[in-house]
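> below is the sequence, then the predicted model.
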Amino acid sequence: LVSAYRLSVMSNASLSPLLKQATPVVVDHASGSWIHGTDGRDYLDFTTGIGVTSTGHCHPDVVAAAREQCGKIIHAQYTTVMHQPLLELTDKLGEFLPEGLDSVFYANSGSEAVESAVRLARMATGRPYIVTVQGGFHGRTVAAASLTTAGTKFSAGFGPLMSGVATTSFPHALRLGMTEDEAVDYALKEFDFLLATRVAPNELAAVLVEPFLGDGGYMAVPQRYLAGLRERTERHGALLVLDEVQAGCGRTGKFWGHQHTEGLRPDVLITAKGIASGFPISAMAASRDLMNKAWPGSQGGTYGGNAVAAAAGVATLGVIEREGLVENSRVRGEELLAGLRSELDGVSEICDIRGTGLMLGIEFGNPTANAGSEEAAEAARLAGAVQQACIDEDLLTLTCGPTGNVVRIIPPLVVTSEEVKTGTERFARAVRAVVG
Ligand code: PMP
C-alpha cells in the first residue's frame with residue numbers, strides 16, 4: 001500500500017508542468033550528504049537543494065532548534081511582535097557581516113531580498129538605475145528577473161520587465177578568448193561606456209553583482225573587476241550591492257564570496273540559501289545610516305524573518321562555526337577540484353574544470369562558440385546528458401550557464417574526503433558513459 005501511494009505521488013498529474021524537474025527522484029528521507037529515494041536508492045547529493053543545505057540534510061542541531069522553536073511560537077509576525085530567534089540571529093549574523101553593515105532586514109527568499117535592495121538603493125539615493133552584470137542570476141520574481149541575465153529562460157515571454165535596469169559586460173576571459181587581465185580591462189571600459197551612453201552617473205543608484213556567478217556558470221568574478229566596480233560606484237555616489245545568496249555562508253571556502261577580494265566593502269549585502277539549512281529566510285544587510293534614508297514601513301511582509309527559520313539560522317551559523325565548515329569547504333573543494341581535473345584529464349569535450357571551495361563548474365564544448373550556434377546547443381546537450389548520466393551513478397548534480405553547457409557541483413559543506421572521492425569517481429564514470 002505504501003509503495004502504491006509513493007508511486008501515485010511521483011506521477012501526480014496535478015503537479016504543475018511549469019516545474020522542470022532535473023531528476024526523477026522522490027525523496028523518502030535525507031541525512032548529511034545523502035538523499036534516500038522512494039526508489040530504494042541512495043544518492044550522493046551534490047546539489048544541496050541548489051546550494052542551501054550546507055550543514056548537510058537534517059543536521060541534528062538544526063532539527064533540534066527548529067523542533068524546540070515549534071513548541072514556543074511558529075509565526076510571530078515581525079512587524080506585529082518581535083521574537084527572540086530573530087534577535088539572536090541578528091546578533092550571530094553580525095559576527096560574520098563585513099564591518100559597517102550593522103543593520104539587517106529579513107525576508108523569505110533570495111528574490112525578495114534582492115527586491116528589498118533595489119527599493120533601498122532607489123530610496124536612499126533618489127536615483128532610478130540599477131546596473132547588473134551579464135550572467136548574473138538574481139531571482140524569479142518579476143523585478144528580480146528584470147535584473148537577471150543568466151539566460152533568457154528566466155525572463156522570456158512575461159515582459160515587459162521592470163524599467164531602470166541596464167546590464168554591463170562580464171569579463172568572461174574564456175568566452176571572449178582573452179587573458180583575464182584583458183577581459184577585466186575590456187569590461188571596465190564597457191562599464192564606463194555604459195555610463196557615458198545610457199546611464200548617467202548621477203542616475204545610477206547601484207551596481208548589483210554576484211561575487212561568484214551562480215546560475216550564470218559557476219565562475220569566480222575576477223577580483224580586479226569587483227574592485228573596479230567598487231571604485232567606480234564610490235566615485236559616482238552609487239551603491240555596490242553584493243548578491244551573496246549562492247556564494248555566501250562558506251560556499252567558496254571563505255564565509256563570504258567577496259572576501260576573496262581583499263579590502264572589498266559592499267554597501268549592501270544580500271544572503272539567503274545557506275543561512276538556515278533549508279528553512280526559508282533571507283537577509284539584506286547595510287549600515288544603519290543607509291537604512292535610515294528609507295522610511296519605516298517601506299519594507300515588510302507577512303512571513304519575513306519567520307521564528308522557526310530564524311532559530312534554524314542561529315543553529316546553522318553555530319554548526320558552521322563549531323564544525324569548521326568554512327575551512328572544510330576550502331579543503332574538500334581543493335580535493336574535489338584536483339580529483340576531477342586528474343580523472344577527466346584529456347576529455348576533449350570539456351573546456352574548463354573550475355572551482356573555489358565547494359562551488360565547482362565543469363564546462364563543456366567550445367567556450368568561444370556563438371551562443372546561438374549549433375555548436376553551443378551541442379555543448380548544452382552534452383552537459384545535460386552528463387547530469388542525467390550522474391543520476392544513473394546515484395550522484396545528483398545540476399547544470400547551469402547561460403547556454404546550459406556547465407555541470408555544477410554543489411556538495412554540502414559537511415562533505416567528507418571519502419564522499420569527495422566517491423563523487424569524483426561517479427562523476428568521471430558518468431562523463432565516460434556520455435563521451436565514450
Ligand atoms: N540570487 C542568487 C545569486 C541566487 O543564486 C538565487 C537563487 N538561485 C537568487 C538570488 C534567488 O533566490 P530565491 O530562489 O530564494 O528567490
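Cool, the structure landed.

> contacts and neighbour counts: CA atoms only from here.
Fine.

> the ligand contacts on the chain?
S109, G110, S111, F137, H138, G139, E210, G214, D243, E244, V245, Q246 (CA under 6 Å from any ligand atom).

> turn the residues you listed into TSV, columns for neighbour count and secondary structure.
Output for those, formatted as TSV (neighbours: other CA atoms under 10 Å; DSSP: H, G, I helix; E, B strand; the rest coil):
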residue	neighbour count	secondary structure
S109	19	coil
G110	27	helix
S111	23	helix
F137	29	coil
H138	32	coil
G139	22	coil
E210	28	coil
G214	27	coil
D243	30	strand
E244	27	coil
V245	31	coil
Q246	30	coil
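
> now do the contacts for the residue most central in space within the chain.
For the chain, Q246 is the residue whose C-alpha lies nearest the centre (CA atoms, centre = their mean; 1.9 Å). By CA atoms under 8 Å, 6 or more residues apart in numbering, Q246 lies in contact with G51, G214, T271, A272, K273, G274.

> take these and lay them out in CSV including pLDDT.
As requested, the contacts of Q246 are exported to CSV (pLDDT from 0 to 100):
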residue, pLDDT
G51, 98
G214, 98
T271, 98
A272, 98
K273, 98
G274, 98
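
> distance check, Q84 against D61.
18 Å (CA to CA, to the nearest Å).

> domain parsing for the chain?
2-55+326-435, 62-322 (automatic domain parsing).

> mean pLDDT lowest for which of those domains?
Ranked by mean pLDDT, those bottom out at domain 2-55+326-435, with a mean of 94.

> so how far is it off the chain centroid?
15 Å (CA atoms, centre = their mean, to the nearest Å).

> now swap in stretch 74-87 and tell me
The answer for stretch 74-87 is 27 Å, by CA atoms, centre = their mean.

> in that stretch, what counts as buried?
H75, A76, Q77, Y78, H83, P85, L86 (16 or more other CA atoms under 10 Å).

> same deal with stretch 41-58?
So stretch 41-58, judged by 16+ other CA under 10 Å, has buried residues 42-58.

> tell me which of these fall in strands.
D42, Y43, L44, D45 (DSSP state E).

> in a strand, L340, correct?
No: counting by DSSP: H, G, I helix; E, B strand; the rest coil, L340 falls outside a strand, being helix.

> ok, it - contacts?
Counted by CA under 8 Å, 6+ apart, L340 has contacts I353, T424, A428.

> for these, give me JSON lines that also has neighbour count and secondary structure.
As requested, these are exported to JSON lines (neighbours: other CA under 10 Å; three-state DSSP):
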{"residue": "I353", "neighbour count": "18", "secondary structure": "strand"}
{"residue": "T424", "neighbour count": "23", "secondary structure": "helix"}
{"residue": "A428", "neighbour count": "19", "secondary structure": "helix"}
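
> tell me the one among these nearest to the ligand.
Within the contacts of L340, the smallest distance to the ligand is 20.0 Å, found for I353 (CA to the nearest ligand atom).

> correct me if wrong: that closest one contacts L336.
No: applying CA atoms under 8 Å, one finds I353 not in contact with L336, separated by 10.5 Å.

> for A121, the count of nearby residues, please.
Using other CA atoms under 10 Å, A121 is surrounded by 29 other residues.

> ok, now how distant is it from L208?
On the measure of CA to CA, A121 and L208 end up 10 Å apart.

> one more: V27?
For V27, the distance to L208 - CA to CA - is 36 Å.

> so if I had to pick from the two, which one is more boxed in?
Set side by side, V27 and L208 show more neighbours around L208, with 25 against 17, by other CA under 10 Å.

> and that one, which of the three is it?
strand.

> same question, A283
strand.

> residue contacts, it?
V104, F105, Y106, A107, A113, I270, T271, A272.

> let's see it at 10 Å
Shown in contact with A283 (CA atoms under 10 Å, 6 or more residues apart in numbering): 90, 93, 104-110, 112-114, 116-117, 245, 269-273, 275, 304-305.

> my guess is T168 contacts Y225, does it?
No: judged on CA atoms under 10 Å, T168 makes no contact with Y225 at a distance of 11.8 Å.

> mutual contacts of these two, please.
A187, L188.

> part of a strand, is I35?
Yes: according to three-state DSSP, I35 belongs to a strand.

> how deep is the closest residue to A309 other than its chain neighbours tucked in, by neighbour count?
Leaving out its chain neighbours, the residue that sits closest to A309 by CA to CA, 6 or more residues apart in numbering is F279, at 5.0 Å. Applying other CA under 10 Å, we find 23 residues neighbouring F279.

> from the ligand, how far off is C351?
23 Å (CA to the nearest ligand atom, to the nearest Å).

> would you agree that residue is in contact with F364?
Yes: with contact defined as CA under 10 Å, C351 and F364 form a contacting pair (5.6 Å).

> pick out whichever of the two has more residues nearby.
Using other CA under 10 Å, the more surrounded residue of C351 and F364 is F364, with 26 against 16.

> next up, phi/psi of the closest residue to the ligand within the stretch 301-436 of the chain, please.
Closest to the ligand within the stretch 301-436 of the chain is C400: 10.4 Å, counting by CA to the nearest ligand atom. Note on C400: backbone dihedrals following degrees, to the nearest 10 are phi -160, psi -170.

> that one against K153, yeah?
No: in this structure C400 lies outside contact range of K153 using CA under 10 Å: 11.6 Å.

> compare the two (neighbour count), which wins?
Between C400 and K153, C400 has the larger neighbour count (other CA under 10 Å), namely 24 against 11.

> could you pull up the residues touching that one?
150-151, 213-218, 361-363, 380, 383-384, 406-408 are the contacts of C400 under CA under 10 Å, 6+ apart.

> now swap in A196 and tell me
Counting by CA under 10 Å, 6+ apart, A196 has contacts E190.

> on the three-state scheme, it is what?
Per three-state DSSP, A196 ends up helix.

> check contacts around A285.
So A285 contacts 90, 93-94, 97-98, 100-106, 113, 117, 241, 266-271, 291 (CA under 10 Å, 6+ apart).

> just the buried members of those residues?
Of the contacts of A285, these count as buried by 16+ other CA under 10 Å: 90, 93-94, 97-98, 101-106, 113, 117, 241, 266-271, 291.

> which residue ranges form the helices in the stretch 201-350 of the chain?
Counting by DSSP state H, counting those that start in this stretch, the stretch 201-350 of the chain has helices at residues 223-235, 288-291, 307-322, 325-343.

> need the winner for burial among those.
helix 307-322 (a mean of 24; mean count of other CA atoms under 10 Å).

> tilt between that one and helix 325-343?
Using axes from the mean of the first three to the mean of the last three CA atoms, to 10 degrees, the inter-axis angle of helix 307-322 relative to helix 325-343 is 70 degrees.

> keeping just the C-alphas, turn helix 307-322 into PDB.
The C-alpha trace of helix 307-322 is given here as PDB (Å, rounded to 0.1, in the frame of the first residue of the first chain):
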ATOM      1  CA  ALA A 307      10.700  32.400  14.000                       C
ATOM      2  CA  VAL A 308      11.400  28.700  13.100                       C
ATOM      3  CA  ALA A 309      13.600  29.700  10.200                       C
ATOM      4  CA  ALA A 310      15.400  32.200  12.400                       C
ATOM      5  CA  ALA A 311      16.000  29.500  15.100                       C
ATOM      6  CA  ALA A 312      17.300  27.200  12.300                       C
ATOM      7  CA  GLY A 313      19.500  30.100  11.100                       C
ATOM      8  CA  VAL A 314      21.100  30.500  14.600                       C
ATOM      9  CA  ALA A 315      21.700  26.800  14.800                       C
ATOM     10  CA  THR A 316      23.200  26.700  11.200                       C
ATOM     11  CA  LEU A 317      25.700  29.500  11.900                       C
ATOM     12  CA  GLY A 318      26.600  27.700  15.100                       C
ATOM     13  CA  VAL A 319      27.200  24.500  13.200                       C
ATOM     14  CA  ILE A 320      29.300  26.300  10.500                       C
ATOM     15  CA  GLU A 321      31.400  27.800  13.300                       C
ATOM     16  CA  ARG A 322      31.800  24.700  15.600                       C
END
